[in-house]
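**Q** return a 3D structure for these sequence lines:
(chains A, B, C and D)
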2 protein chains.
Amino acid sequence: MGEKKQTFRDYLSQQGLKSTRQREIILDEFLRCDSHLSTEDLYLKLRKKHPGIGYATVYRTLKIFSECGIAEARNFGDGQTRYESTTCEEHHDHLICKDCGAIIEFEDPGIEQLQEQVARDHGFAIVSHRLEIFGLCAKCQNKER
Amino acid sequence: MGEKKQTFRDYLSQQGLKSTRQREIILDEFLRCDSHLSTEDLYLKLRKKHPGIGYATVYRTLKIFSECGIAEARNFGDGQTRYESTTCEEHHDHLICKDCGAIIEFEDPGIEQLQEQVARDHGFAIVSHRLEIFGLCAKCQNKER
DNA sequence: CGACTCCTTGAAATTGGTTTTCAATTTAAC
DNA sequence: GTTAAATTGAAAACCAATTTCAAGGAGTCG
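**A** Alright, predicted model coming up:
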């Protein structure tokens, strides 16, 4: 069993929550699609194979995922919250194509360092940050010409 | 008359829109309070002196401000759109205190440069970006101890 | 295996911010 | 002034997120 699944189960029992058929199904599907899914996206995917699962359950389960650290909530300003499966790797940020919606992840230690410097200069203690670069991906730049 | 007011009027006539009492009042109040106001914030402020002005009008007028470039819409993930008066200066980003909500603006050319580098590496053409650093401001760090 | 408690589920309702509708009014051009 | 087109404010619609609630399910303890 994947370590994410174990983490999730541990979290449930530790919190006095219950392991249910729906939660297992939702986790499986979530892990299968590793892209940046909104609640709606995941709900629609699930509905194909498991029509019984309700939107509210998907919503609540994603929330638990983010509480127990196996997923992270993001919002890119389009009014929808998206969840991404957390990696054990470094923090990363996003390049987002305004045209096709493609989302590319990147890491840049240099930027992170400069951020820390900025925070220090203002007496700020960083808790988190987010950086999003909006633009046109290579593909969409070509399309437009 | 401020240049912002002129810009606004020019934009209105150029678009076949009309200059109205409400729009003037809203612009005056908006320029007076240069902080990061939500529609709600501005509406409430306005209501004190001008109870007649409706929420919808404030909303629509702020939208025009951002269309004509004298204001910029931001959303910091608290579910509310905030508008800030644009400066002629450099692009800037934000430090946001999770405790008291204080918003500090900063510029960092170094970070901007690294972003451009990242975009180039991915064949991306930058249209815009946003960087927000969440944390605790100096004041709130002291409060908590 | 029950019995019992607490958690979960799905549908529907609610919330909160945003956006639109509509009839009445105002603006600006002729 | 007259008139066409834009604007206004109140209310309604919208949309994603969140909560409610009654029915059903999981886990625990004997």
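
**Q** where does chain A come near DNA strand C, residue by residue?
**A** Residues of chain A found near DNA strand C (Cβ under 7 Å from any atom of the strand) are A:12, A:16-18, A:20-23, A:52-57, A:60-61. (Each C-beta comes from the backbone N, C-alpha and C, glycine too.)

**Q** counting neighbours, which of these comes out on top?
**A** Top of the residues of chain A next to DNA strand C by neighbour number is A:Thr61, holding 22 neighbours under the definition other Cβ atoms under 10 Å in any protein chain shown.

**Q** and that one, what element?
**A** helix A:55-68 (DSSP states H and E).

**Q** helices and strands around that helix, which ones?
**A** Here helix A:55-68 touches helix A:3-14, helix A:21-32, helix A:39-49, strand A:71-75, strand A:81-85, going by 3 or more Cβ pairs under 8 Å, 6 or more residues apart in numbering or on different chains; DSSP states H and E.

**Q** now the angle from that helix to helix A:39-49?
**A** Angle, helix A:55-68 to helix A:39-49, by axes from the mean of the first three to the mean of the last three Cα atoms, to 10 degrees: 120 degrees.

**Q** how close does the most centrally placed residue in chain A get to B:Ser38?
**A** Compute the mean C-alpha point of chain A, and by Cα atoms, centre = their mean the closest residue is A:Glu84, 1.8 Å away. For A:Glu84, the distance to B:Ser38 equals 28 Å [Cβ to Cβ, to the nearest Å].

**Q** got it, and A:Cys68?
**A** Distance, A:Cys68 to B:Ser38, by Cβ to Cβ: 32 Å.

**Q** can you check A:Gly16 too?
**A** With distances taken as Cβ to Cβ, A:Gly16 is found 38 Å from B:Ser38.

**Q** in the helix or strand bottoming out on mean pLDDT in chain A, what counts as buried?
**A** The weakest-scoring helix or strand in chain A, judged by mean pLDDT, DSSP states H and E, is helix A:138-144 (a mean of 87). Residues A:Cys140 are the ones in helix A:138-144 that count as buried (16 or more other Cβ atoms under 10 Å in any protein chain shown).
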